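S.K.: Sequence and predicted structure below; questions after.
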Amino acid sequence: MTNIKNPYLPDIATVTRIIDETPTIKSYQVIFNDQETMKNFSFQPGQVGQLSVFGVGEATFVINSPPTRMEYLQFSVMKVGEVTKAIHELSVGDQIGVRAPLGNWFPYEEMKGKKILFIGGGIGLAPLRTLILYMLDNRPDYGDITIIYGARTPIDLCYKDDLKEWESHSDVELILTVDTEFPGWDKRVGFVPTVLNEVAPSPENTIAITCGPPIMIKYVLQGLARLNFKDDRIITTLEKRMKCGIGLCGRCNIGSMYVCKDGPVFSLAQLREYPSEI
Amino acid sequence: MATTAYLPKEKMKDWLKVLSEKHQLFVPCLEDDVVLFQLFNPEKNLCFDRPANSSPKTIIFSQCEQLFSFNFKKEPDNPQKTSIELKENLEYPPTIIFGARPCDAKGFMIIDSVYIETDIADPYYRGRREKTTIITLSCPVPYVGCFCTSVGGGPADKAGSDILMTELEKGYFLEASTEKGEALLREPLFEDGSSYIDEAENIRKACYTMVEKPFSDDEPGKKPLPRFHEDTFWEQEGNRCISCGACTYLCPTCYCFNITDEQTANTGERIRTWDACMFHHFTLEASGHNPRPAKYGRLKNRVGHKFLYYPEKYNGVIACSGCGRCIRYCPVSISISNVVASLKDNMRESVDDKH
């Protein structure tokens, strides 16, 4: 037992930067205190980590900085429950526990040479951000990139600096939408699945990747099927209540699959085999 | 040939005393009409007459245990900064579970596949498991609700036990099936067991035929529970569930847990406690979203896990050892063996209907 790392024991990291994304979402850049751990850390786009505030608890977040930019790890946290509230109270310099990387990742090798369609809602852009940045850092490997992203209001859109930058890329099409009319908003208005339907991207040589609230994912999956995307060309990344992060504690299962270990990334083809417990 | 031995009944307490000298020894004890595994004490009322009310699971997979402790420390050179120290303790004493039943021993094997025989093992469970010897008592008669023979076990199944004991007229026949077990049989208290093999074998066989068989093994190639996805069936079965979780707490194979932090002043601990998939909040997310909000969905998941999902991952092994505890102690009389039997019987009816 002595030389194998205890999977429940977090590494201690320091918060180096906090970015206010929206009134309820903050991004945290962290680096491991142990320099060797930081140097040897590697992960794949789409993998997640457990963040600990000791005395409060742990929760799961995707690593939303890409493996091509390893100066820090970034996690985005929406203030919803106990742990996320405690994370929101942290300041730069504070200590945080990190167990990462956990779970599987986007099949980015299989996506090479294909056009990529990202569909995100709210904080669901976080896992997509990892892959978008990874692809932009390996631009020649991938075809045109289309990003459909929506939130309740313009204020609730995450990663506003990234959005500005992506908009400036000639080979990236960024389509932004908000749920209802908003003063000063001159872009699309409507729910993400509706906008997907209006934009009606072609499924030809294209892989679709979606993440957002469960209800949005549900309708986006249906919408993609209507646009004739094949089940194995539709990828989503799921979120569940998790504790252990290593496929033991039992709560994040969908049938025989554990979202924490066998996921969080699934193709629609895989999900069709299992109970509809998203 | 396995190592065998014979222990006259009057020497049982002597053996237990010997075992308790070098081990933490857990034995089934009767207290207020309830049989529970407790630390051995010659004054306690040992009970081998019936299976314990609760499985001995907690001895290896603790109902509540510390994963690590944490300590906040101000850095002496920089009072603005606080550092965190984590400490784990993975030392466990040699332990014996004495008087488990074959279904209890098999329960640990089912958990082993998930907790030990995997790429990321659970160090706490593995630590205790390696230090524990299991001495099992074969069942002379089945108990209410027992159905071990329907799920690949049996009242004298040796799987998972280091020693299997069988009660004879005047003593116990003991058979070691591991090195750990053999080591414990090298004891001057024992007599040669070879002349008792036949007597033991007869008693063991007799019980096999007495165990109820609510459903039979699946025919190869057949889907084990083809009506599993019919939600109306689960609504009917699950509606009377009161989400108390007793089935999971008594179960020798349920292994779900929760992790929580507790803190006082500058120190605290991260602990894990048993949890239950039958609880509403088990899957409840902070946003209020719940992927399994209804009782029937949770019952479906529990039965599904044991009879479909787990077998899918672990070579067809059913994650139920047929101990019958969830049937005996369910406050609203939900019977997992009836549920599974109905799913299988219905399959036969629906196949017949088509012909």
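M.R.: Okay, I see it. Numbering: from 1, shown residues only, chains lettered A, B, ... in the order given.

S.K.: can you give me the strands in chain B?
M.R.: In chain B, the strands defined using DSSP state E lie at B:3-8, B:24-31, B:34-39, B:64-75, B:78-87, B:95-100, B:132-137, B:163-167, B:171-176, B:191-192, B:257-264, B:267-274.

S.K.: now the closest residue to chain A within the stretch 101-250 of chain B, nearest residue through space, not along the chain?
M.R.: When distances are taken as Cβ to the nearest Cβ, the stretch 101-250 of chain B reaches nearest to chain A at B:Ile120, 4.5 Å away. C-beta here means a position set from N, CA and C on the backbone, and glycine is covered the same way. Sequence neighbours aside, A:Ile246 is the residue nearest to B:Ile120 in space, at 4.5 Å (criterion: Cβ to Cβ, 6 or more residues apart in numbering or on different chains).

S.K.: show me what contacts the one you found?
M.R.: A:7, A:102, A:260-261, B:120 (Cβ atoms under 8 Å, 6 or more residues apart in numbering or on different chains).

S.K.: Per-residue pLDDT of the residue of the stretch 101-250 of chain B closest to chain A, please?
M.R.: B:Ile120 is assigned a predicted lDDT (pLDDT) of 90.

S.K.: I figured it hits A:Asn6, correct?
M.R.: No. Under the criterion of Cβ atoms under 8 Å, B:Ile120 is not in contact with A:Asn6, lying 10.2 Å apart.

S.K.: Could you confirm A:Ala225 falls within a helix?
M.R.: Yes. Assessed by DSSP: H, G, I helix; E, B strand; the rest coil, A:Ala225 belongs to a helix.

S.K.: gap between it and B:Ala105?
M.R.: Applying Cβ to Cβ, to the nearest Å, the value for A:Ala225 to B:Ala105 is 48 Å.

S.K.: who's more crowded, those two?
M.R.: Shown here are A:Ala225 and B:Ala105; by other Cβ atoms under 10 Å in any protein chain shown, B:Ala105 has more neighbours (24 against 14).

S.K.: was I right about that one contacting B:Gly160?
M.R.: Yes. B:Ala105 is within contact range of B:Gly160, at 3.5 Å (criterion: Cβ under 8 Å).

S.K.: Which neighbours do those two have in common?
M.R.: Residues within reach of B:Ala105 and of B:Gly160 at once, by Cβ under 8 Å, 6+ apart, are B:134, B:136.

S.K.: A:Asp171 - how many residues pack around it?
M.R.: Burial of A:Asp171 is recorded as 10 neighbouring residues (other Cβ under 10 Å).

S.K.: residues in contact with residue 24?
M.R.: As the question left the chain open, I've gone with chain A. A:78-80, A:156.

S.K.: ah, no, chain B please
M.R.: B:Gln24 is in contact with B:39, B:93-96, counting by Cβ under 8 Å, 6+ apart.

S.K.: Buried ones from those, can you make that a ChimeraX selection?
M.R.: To isolate the buried ones among those in ChimeraX, judged by 16 or more other Cβ atoms under 10 Å in any protein chain shown, type:
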select /B:95,96
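
S.K.: Distance to chain A and pLDDT for the contacts of B:Gln24 - can I get that in TSV?
M.R.: Shown next, in TSV, are the contacts of B:Gln24 (distance: Cβ to the nearest Cβ, whole Å; pLDDT from 0 to 100):
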residue	distance to chain A	pLDDT
B:Leu39	25	97
B:Pro93	15	97
B:Pro94	16	97
B:Thr95	16	98
B:Ile96	21	98
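
S.K.: which two from the contacts of B:Gln24 end up farthest apart in space?
M.R.: B:Leu39 and B:Pro94 (13.5 Å; Cβ to Cβ).

S.K.: just for the stretch 1-150 of chain B, where's the confidence low?
M.R.: Along the stretch 1-150 of chain B, segments meeting pLDDT under 70 span B:1-2.

S.K.: what does it put close to chain A?
M.R.: Contact residues (Cβ under 8 Å from any Cβ of the partner chain) of the stretch 1-150 of chain B with chain A: B:67-68, B:70, B:72, B:80-84, B:86, B:88, B:90, B:114-115, B:118, B:120-123, B:126-127.

S.K.: Going by neighbour count, which of these are buried?
M.R.: Judged by 16+ other Cβ under 10 Å, buried ones among these: B:67-68, B:70, B:72, B:84, B:86, B:88, B:114-115, B:120-123, B:126-127.

S.K.: do stretch A:99-115 and chain B meet?
M.R.: No. For stretch A:99-115, no contact with chain B is found by Cβ under 8 Å from any Cβ; the gap never falls below 9.3 Å.

S.K.: That stretch: how far from the chain's middle?
M.R.: Centre-to-centre, stretch A:99-115 and its host chain are 12 Å apart (Cα atoms, centre = their mean, to the nearest Å).

S.K.: Nearest spatial neighbour of the closest residue to chain B within the stretch 1-150 of chain A, chain-adjacent residues omitted?
M.R.: Nearest residue of the stretch 1-150 of chain A to chain B: A:Gly81, at 2.9 Å (Cβ to the nearest Cβ). Leaving aside its sequence neighbours, A:Gly81 sits nearest to B:Ala286 (Cβ to Cβ, 6+ apart; 2.9 Å).

S.K.: so the one you found touches A:Lys79, yeah?
M.R.: No. Using Cβ under 8 Å, B:Ala286 makes no contact with A:Lys79, being 9.4 Å away.

S.K.: mind listing what the residue lying closest to A:Arg17 once chain neighbours are set aside touches?
M.R.: Nearest residue to A:Arg17, sequence neighbours excluded (Cβ to Cβ, 6+ apart): A:Gln29, at 4.1 Å. Neighbouring residues of A:Gln29 by Cβ under 8 Å, 6+ apart: A:15-19, A:65, A:72-74.
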